[in-house]
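# Pasting the sequence and the predicted coordinates here, then a few questions.
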Amino acid sequence: MSSPTRVLVLNSGSSSLKYQLLDMRDSSRLAVGLVERIGERTSRLKHTHVPDGSTREQNGPIADHEAALKAVAGELARDGLGLDSPELAAIGHRVVHGGMFFTEPTLVDDSVLTEIERLIPVAPLHNPANLTGLRTARALRPDLPQVAVFDTAFHTTMPEAAARYAIDPKIADRHRIRRYGFHGTSHAYVSRETARLLGKDPAEVNVIVLHLGNGASASAVQGGRCVDTSMGLTPLEGLVMGTRSGDLDPAVIFHLERVGGMSTDEIDTLLNKRSGLFGLCGDNDMREIRRRVDAGDEAAKLAFDIYIHRLKKYIGAYYAVLGRVDAVAFTAGVGENAAPVREAAVAGLEGLGLAVDAGLNAVRGDGPRLISPEDARVKVAVVPTDEELEIATQTYALVEKNNG
Ligand SMILES: Nc1ncnc2c1ncn2[C@@H]1O[C@H](COP(=O)(O)OP(=O)(O)O)[C@@H](O)[C@H]1O
Ligand SMILES: CC(=O)OP(=O)(O)O
Ligand SMILES: [Mg+2]
């Protein structure tokens with residue numbers, strides 16, 4: 001029999017599990033799906049069998065990520081694509097925090113699991129879910145290669161000047177405090193796709209990537225290597241996000257503790273889950289915020305303006321870090337869909353050679369596309385991310401290499 005060519009990709013978020021089954025002969029999708037609101041009473045699994053376009057939904061409580069993955073395995077089996085299939089070559093897992101230890105896709109064994117577990121304190125929303133996904137998948141198919149693809153890996157090329165905080169290096173090193181960066185799989189994929197859109201080799205181009213999803217981060221990519229990114233020790237630093245504050249004066253935390261009487265855990269929850277767009281105006285979905293702004297809602301307008309102000313600051317900062325910029329690429333849910341965000345983020349930056357063509361920006365499309373005027377010195381692009389394809393590609397490459 002020829003070797004198996006299918007890869008199942010699992011992207012476990014704090015309360016969701018996204019998955020795709022791909023055939024790596026042509027990178028085609030066989031099944032895609034999502035389990036939402038894991039741990040709540042209103043969990044939902046939505047499964048699509050891609051070849052015939054049929055979809056199924058399960059509604060009702062799914063207690064945890066283990067139950068979620070088992071439910072997904074059941075749906076795949078109903079389409080004849082079960083985890084027991086001999087055509088399955090590997091399972092690729094998104095793991096958010098890999099610390100300094102993991103710089104490449106890694107075959108998972110017990111020691112790798114232990115290391116991912118050690119990193120839970122710096123990725124409390126993400127690594128526990130990733131670990132459950134890994135453990136459950138291993139239990140279901142112990143013989144199959146399980147590959148971890150780390151969000152942090154792409155950022156390990158950052159120079160020390162960008163990666164270190166200005167604190168005593170002995171204390172920093174003892175506690176492994178440094179800027180790791182996240183969404184690296186997306187930043188890597190999108191910066192490469194942007195070079196392709198420009199018809200250039202990634203080694204020749206400098207790109208600012210703006211990954212704007214629920215979590216959001218910016219990166220400065222120089223000739224295909226990350227030289228700076230906006231998330232730090234944890235995914236809390238940087239841009240304003242759906243529910244996270246992004247940058248703030250660290251003294252805000254002391255103040256909330258000493259004067260506000262809040263506990264460390266309460267502040268952690270406030271900054272990670274009840275801040276950002278949600279904290280400012282009660283909504284974290286950019287569609288709803290735009291609807292409210294258009295209806296004249298003041299709180300939504302202020303939330304939008306703070307979001308844009310921060311984004312613009314990072315574009316300027318990474319322009320300075322790179323010196324020469326070929327393109328700014330918008331990606332992820334907000335970046336790919338919210339034309340008003342793209343327009344506002346670039347407004348007033350003509351002096352930097354940056355502009356958006358209103359007509360091109362308004363066009364909805366699926367693929368990578370330019371939205372800057374034809375003669376623009378710096379191109380502005382919308383480049384859809386595909387973390388699942390990138391994880392599958394890296395997973396399959398590792399398995400093939402190990403098979404000699
Ligand atoms: N048409 C749209 N207009 C504006 N924002 C959108 C649109 N579609 C999706 N979004 C935004 O994208 C966000 C989700 O992005 P996504 O990249 O899927 O995030 P994550 O992977 O972090 O869950 C939503 O919170 C929503 O604000
Ligand atoms: C690291 C991170 O913020 O991931 P997500 O956007 O999936 O929450
Ligand atoms: Mg995402």
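Great, that's in hand. Ligands and ions are numbered 1, 2, ... in the order given.
# burial of the residue in the chain positioned nearest to ligand 2, as a residue count?
Across the chain, the shortest distance to ligand 2 (Cβ to the nearest ligand atom) belongs to residue 215, at 2.4 Å. In short, each C-beta sits where N, CA and C put it, glycine included. Residue 215: 25 surrounding residues under other Cβ atoms under 10 Å.
# for residue 328, phi and psi?
phi -110, psi 120 (degrees, to the nearest 10).
# That one contacts residue 208, correct?
Yes - between residue 328 and residue 208 a contact is recorded at 4.7 Å, counting by Cβ atoms under 8 Å.
# Now list whatever residues contact both of those two.
Common contacts of residue 328 and residue 208, defined by Cβ atoms under 8 Å, 6 or more residues apart in numbering, comprise residue 315.
# Now do the SS call for residue 342.
helix (DSSP: H, G, I helix; E, B strand; the rest coil).
# Before we move on, what's the pLDDT of the residue of the chain closest to ligand 2?
Looking at residue 215, its pLDDT reads 93.
# Pull up the residues of the stretch 201-350 of the chain that are close to ligand 2.
213, 214, 215, 235 (Cβ under 6 Å from any ligand atom).
# out of these, which is most surrounded?
residue 235 (27 neighbours).
# List the contacts of the residue lying closest to it once chain neighbours are set aside.
Spatial nearest neighbour of residue 235, excluding adjacent residues (Cβ to Cβ, 6 or more residues apart in numbering): residue 182 at 4.8 Å. Neighbouring residues of residue 182 by Cβ under 8 Å, 6+ apart: 96, 97, 151, 152, 155, 215, 217, 229, 231, 235.
# ditto for residue 41
Residue 41 touches 60, 61, counting by Cβ under 8 Å, 6+ apart.
# and it, how far is that from ligand 1?
To ligand 1, residue 41 is 21 Å away according to Cβ to the nearest ligand atom, to the nearest Å.
# Secondary structure class of that residue, three-state.
Residue 41 - assigned by three-state DSSP - is coil.
# now swap in the one 10 residues further on and tell me
Residue 51 falls in the helix class when you classify it by three-state DSSP.
# Surely it and residue 32 touch.
No - the pair residue 51 / residue 32 is not scored as a contact, 11.3 Å apart, by Cβ under 8 Å.
# ranges for the strands of the stretch 201-350 of the chain?
Remark: strands assigned in the stretch 201-350 of the chain by DSSP state E, counting those that start in this stretch are 206-212, 216-222, 225-229, 327-331.
# coming back round to it: can you add distance to residue 133 and give the contacts of residue 182 back as CSV?
As requested, the contacts of residue 182 are exported to CSV (distance: Cβ to Cβ, whole Å):
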residue, distance to residue 133
96, 11
97, 14
151, 14
152, 17
155, 22
215, 18
217, 22
229, 24
231, 21
235, 18
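# and of these, the nearest to residue 138?
Nearest to residue 138 among those is residue 96, at 18.5 Å by Cβ to Cβ.
# now the closest residue to the closest one other than its chain neighbours: how far from residue 110?
In space, and not counting its chain neighbours, residue 96 is closest to residue 126: 3.6 Å by Cβ to Cβ, 6+ apart. Remark: distance between residue 126 and residue 110 (Cβ to Cβ, to the nearest Å) = 21 Å.
# Just want to know which of the two has more residues nearby.
Per other Cβ under 10 Å, whichever of residue 126 and residue 110 has more neighbours is residue 126, with 23 against 8.
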